[in-house]
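1. Model the following, please.
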Amino acid sequence: MSYEKLAKEIIQGVGGEKNVASLVHCATRLRFTLKDNAKADKAKLEKTDGIITVKESGGQFQVVIGNTVPEVYNAIGKISNLLNDSKSESAGQKKGGKFGLGSVVDVVSSIFAPLLGVMAGAGILKGLLLIASNFNWLDKDGTTYTILFAAADSLFYFLPVLLAITTARKFGANMFTAATIAGALLYPSIIGLKDAGSETNFFGIPVVMMSYSSTVIPIILAVIAMSYLEKLCNRYIHESVKNFVTPLISLVVILPLTLIVFGPFGVYVGNGIADGLLAVFSFSPLLAGAILGAGWQLLVIFGVHWGLVPVFINNVAVYGKDSIKPPATASVFAQTGAAFGVMLKTKNKKLKTLAGSTTLSALFGITEPAVYGVTLPLKRPFIAGVIGGGVGGAIIGQAGTQAFASGAPGLLTLPIFYGPGGQGFPGLILGITVAFLLSAILTYILGFEDPVEEDDKPKEEVKAGAEQEKSANKPDAVALSPMSGTVVPLTEVPDPAFSSEAMGKGIAIEPDSGRVVAPFDGTVTVAFKKKHALAVVSDEGAEILVHVGIDTVKLDGQFFTSYIQEGDRVKAGQVLLEFDLEQIRQAGYHTVTPIIVTNTPDYKDVLSLKQGQIREQDELLHVMGSGS
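-> Take a look at the predicted model:
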């Protein structure tokens, strides 16, 4: 599979770069926050090879990829500016400023998703060390255990620092300032104040000292507040000094505010949630386990399971264990069993292969391919999985199984449920076994509508015909040169995102003057905040991207002056952008400028009309539509 090709199709399918407010990924899916969901072509994306399904949930437009989502995410970064330029909207300001469930889920998933991989790895190691110490395979007082335990526990101890980075990224704040504030919460002298138990004050204001290692809520609240303070400071502080004055103000204001307000509030709220959930399990562990086991995958489908992720982590931090994750594990193995039942029963070779591969990935905790690709579309297998998960969850809840570290439920993470003396662990094994087998048997008995074998050739012919008809509806267009200089073949541009034509066909120019003019009459569709690139669509529908230099996004707008905004009408030859050519070169950046027809698939071909030296407004590209 070409990840760059798939990345390009995904960007087009979500309505283009200009329609993306933010993008993160979790274990199996790309999570877009779009400016306008109506501009996304959900049906087309769902039919794209390499995409399992598309879900709109929790305020996000979620493209489910499967295990290769990191590769696709990185490919998006190579062929677009989404990972550099996109700034996520602050929570509560999305979609008209309403602060609802969708905004909360979007914020929580964006903060925790980047940490799930390393959190699972550290959780597995921590679980294995628990087993090794319980069976006396390793001496807890020995140096080997100490070294390995440091590797396993450091993520959880320094969790506020990692959450500071992901929260700052989500809210567009300075990640290094945020990490510094988190580090201050864990600073030895601050911990010493807590341990000493003496009265603490800040300029006479009483400070209730807390333990902030492994905490979640205090640092998230602190960084959100810091993001707003930074914006206020940057608005009024002069550019010549804001790079160090703004961090100074943030440190002086936010750390004391966290210790006085956010810290105690966050710790008390976290403890309250943990106590409440403990009370539910104390009332009826069997019922609580059954509800979690049956309902967990329903929460996953709607994306609201992210609301419980901070609770898992907080429970482990507060009590050293968590009772919610074990019953949810039954749901994972239940859907795995349902997919396995489909594999056994189906006569469709393609579905059998899909069900087999998704069963394997689900066994290791990645259930989205099995759920979205197999059980949910077939309906009855999904219902069988809900039933099996409920029964397995009830067994696990009644057994009193606990999780002693974080990690996505799966075969590899079973050690995180093995605590002192192994109490509750046999109940977990019994519960997930029953969930798997019962779901598989029910799927086989209840059956499903087995898809008829299909011939892919007619589909390809229809697709080809549709593409031909699409290009036939586009008239020819001629793009004039937006700058003067020397024409360079696109294949010689020192950036594979352009030279591979992954973003579209076109040409490049090594400029000899520092300005960009409109290549035709049209409308500005993209005006990047960092001013290094722009896109204009002609009245005939051809969209041209002009990207001044390579990696110049890193200049953060320095040496560039833009005269346009998105939506502006422009005339051929109108000055759109000016830049200091020599300063950019002295800063160490290539100035060769790719000029790309970004909607190349809509046309028959894109031909270069000029070689060698070229002047502004010389004919540069022939975009071939109908009659060509």
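
2. pretty sure residue 81 contacts residue 17?
-> Yes - counting by Cβ atoms under 8 Å, residue 17 is a contact partner of residue 81 at 6.6 Å. C-beta: built from backbone N, CA, C; applies to glycine.

3. neighbours around residue 201, how many?
-> 9 (other Cβ atoms under 10 Å).

4. please begin residue numbering at 9 from this point
-> Sure, I'll start counting at 9 from here, so that last one is residue 209.

5. Show me what the one helix or strand it maps to is packed against.
-> Per DSSP states H and E: residue 209 is located in strand 208-210. Packed against strand 208-210 by the contact rule (3 or more Cβ pairs under 8 Å, 6 or more residues apart in numbering; DSSP states H and E) you find strand 213-215.

6. and if we set it to 7 Å?
-> Here strand 208-210 touches no other helix or strand, going by 3 or more Cβ pairs under 7 Å, 6 or more residues apart in numbering; DSSP states H and E.

7. returning to what we had before: between residue 89 and residue 25, tell me which one has more neighbours.
-> Higher neighbour count among residue 89 and residue 25: residue 25, with 23 against 20, using other Cβ under 10 Å.

8. Quick check: the more buried one touching residue 91?
-> No - Residue 25 is beyond contact range of residue 91, at 10.8 Å (criterion: Cβ atoms under 7 Å).

9. what's in contact with the strand holding residue 209?
-> 201, 215, 217, 264, 268 (Cβ atoms under 7 Å, 6 or more residues apart in numbering).

10. change it to 10 Å
-> 198, 201, 202, 214, 215, 216, 217, 263, 264, 265, 267, 268 (Cβ atoms under 10 Å, 6 or more residues apart in numbering).

11. Greatest separation within those residues: which pair is it?
-> The largest separation in those, counting by Cβ to Cβ, is between 202 and 265 at 17.5 Å.

12. Looking at these two, which is more packed in?
-> Taking neighbours as other Cβ under 10 Å, residue 202 and residue 265 compare with residue 265 leading, 18 against 14.

13. if I look at the closest residue to that one other than its chain neighbours, how far off is residue 226?
-> Closest residue in space to residue 265, ignoring its immediate chain neighbours: residue 233 at 6.8 Å, by Cβ to Cβ, 6 or more residues apart in numbering. Going from residue 233 to residue 226 by Cβ to Cβ, to the nearest Å gives 11 Å.

14. Find residues that contact each of the two.
-> Shared contacts of residue 233 and residue 226 (Cβ under 10 Å, 6+ apart): 266, 269, 270.

15. List the residues that contact the first one.
-> In other words, residue 266. By Cβ under 10 Å, 6+ apart, the contact set of residue 266 is 168, 189-190, 192-193, 218, 220, 226-227, 229-231, 233-234, 272-274.

16. where exactly do the helices run in the stretch 159-308 of the chain?
-> Listed in chain order, the helices of the stretch 159-308 of the chain (DSSP state H, counting those that start in this stretch) span 167-179, 183-193, 196-204, 225-244, 247-265, 271-291, 293-309.

17. what distance separates the fifth one from the centre of its chain?
-> What that stands for is helix 247-265. 29 Å (Cα atoms, centre = their mean, to the nearest Å).

18. Over to the shortest one?
-> Taking Cα atoms, centre = their mean, one finds helix 196-204 lying 36 Å from the centre of the chain it belongs to.

19. Buried residues, that helix. List them.
-> Neighbour-count burial for helix 196-204, counted by 16 or more other Cβ atoms under 10 Å, picks out 198, 201.

20. same question for it, mean pLDDT?
-> For helix 196-204, mean pLDDT is 83.

21. who does it touch, helix- and strand-wise?
-> helix 183-193, strand 208-210 (3 or more Cβ pairs under 10 Å, 6 or more residues apart in numbering; DSSP states H and E).

22. Alpha carbons of that helix, as CSV, please.
-> Output in CSV follows, covering the C-alpha atoms of helix 196-204 (Å, rounded to 0.1, in the frame of the first residue of the first chain):
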residue,chain,number,x,y,z
PRO,A,196,12.2,18.0,45.0
SER,A,197,11.8,21.1,47.1
ILE,A,198,8.1,21.3,46.3
ILE,A,199,7.7,17.6,47.2
GLY,A,200,9.7,18.4,50.4
LEU,A,201,7.1,21.1,51.4
LYS,A,202,4.4,18.4,51.1
ASP,A,203,6.4,15.8,53.1
ALA,A,204,7.4,18.3,55.8
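
23. quick one: contacts for residue 334?
-> For residue 334, the contacting residues are 297, 300-301, 401, 404-405, 407-411, 417, 424-425, 432-433, 435-436, 439-440, by Cβ under 10 Å, 6+ apart.

24. nope, residue 161 is what I meant
-> 130, 133, 134, 137, 221, 222, 413.

25. Can you tell me which of these are classed as buried?
-> Listed as buried from the contacts of residue 161 are 130, 133, 134, 137, 222, 413; burial here means 16+ other Cβ under 10 Å.

26. The fifth one contacts residue 169, correct?
-> Just to be clear, that refers to residue 222. No - look at residue 222 against residue 169 with Cβ atoms under 10 Å: they stay out of range, at 11.2 Å.

27. Low-confidence bits of the stretch 359-508 of the chain, can you list those?
-> In the predicted model of the stretch 359-508 of the chain, residues 376, 415-416, 460-482 satisfy pLDDT under 70.

28. sorry, back to before: give the partner strands of the strand holding residue 209 in its sheet and their orientations.
-> Paired strands of strand 208-210, with direction, are strand 213-215 (antiparallel) (DSSP bridges).

29. what does the strand it pairs with contact?
-> Under the criterion Cβ under 10 Å, 6+ apart, residues 198, 201, 207, 208, 209, 264, 267, 268, 269, 271, 272 lie in contact with strand 213-215.

30. Around the last one, how many other residues sit close by?
-> Okay, so that is residue 272. 16.

31. List phi and psi for the residue lying closest to it once chain neighbours are set aside.
-> Among residues not flanking residue 272 along the chain, residue 216 sits closest, at 4.7 Å (Cβ to Cβ, 6+ apart). Phi and psi for residue 216, reported as degrees, to the nearest 10, are phi -90, psi 110.

32. Confirm for me that residue 216 is in contact with residue 268.
-> Yes - Residue 216 lies in contact with residue 268 (Cβ under 10 Å); the separation is 7.9 Å.

33. hang on, the earlier thing: and the residue nearest to residue 265, what does it touch?
-> So residue 233 contacts 179, 181, 258, 261, 262, 265, 266, 269, 270 (Cβ under 10 Å, 6+ apart).

34. Which residue, other than its chain neighbours, is closest to the second one?
-> When the adjacent residues along the chain are set aside, residue 181 lies closest to residue 235, with 3.8 Å between them (Cβ to Cβ, 6+ apart).

35. can you pull up the bridge partners for residue 541?
-> Beta-bridge partners recorded for residue 541 (DSSP bridges): residue 555.

36. residues touching it, list them.
-> The contact partners of residue 541, taken as Cβ under 10 Å, 6+ apart, are 25, 89, 93, 524, 534-535, 553-557, 560-561, 568, 585, 601-602, 604.

37. Which of these fall in strands?
-> 524, 534, 535, 553, 554, 555, 568, 585, 601, 602, 604 (DSSP state E).

38. Look up how far residue 222 lies from the fourth one.
-> This points to residue 553. For residue 553, the distance to residue 222 - Cβ to Cβ - is 46 Å.

39. re the thing from before, turn the shared contacts of residue 233 and residue 226 into a markdown table, including pLDDT and distance to residue 389.
-> Shown next, in a markdown table, are the shared contacts of residue 233 and residue 226 (pLDDT from 0 to 100; distance: Cβ to Cβ, whole Å):
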| residue | pLDDT | distance to residue 389 |
| --- | --- | --- |
| 266 | 90 | 48 |
| 269 | 88 | 50 |
| 270 | 85 | 46 |
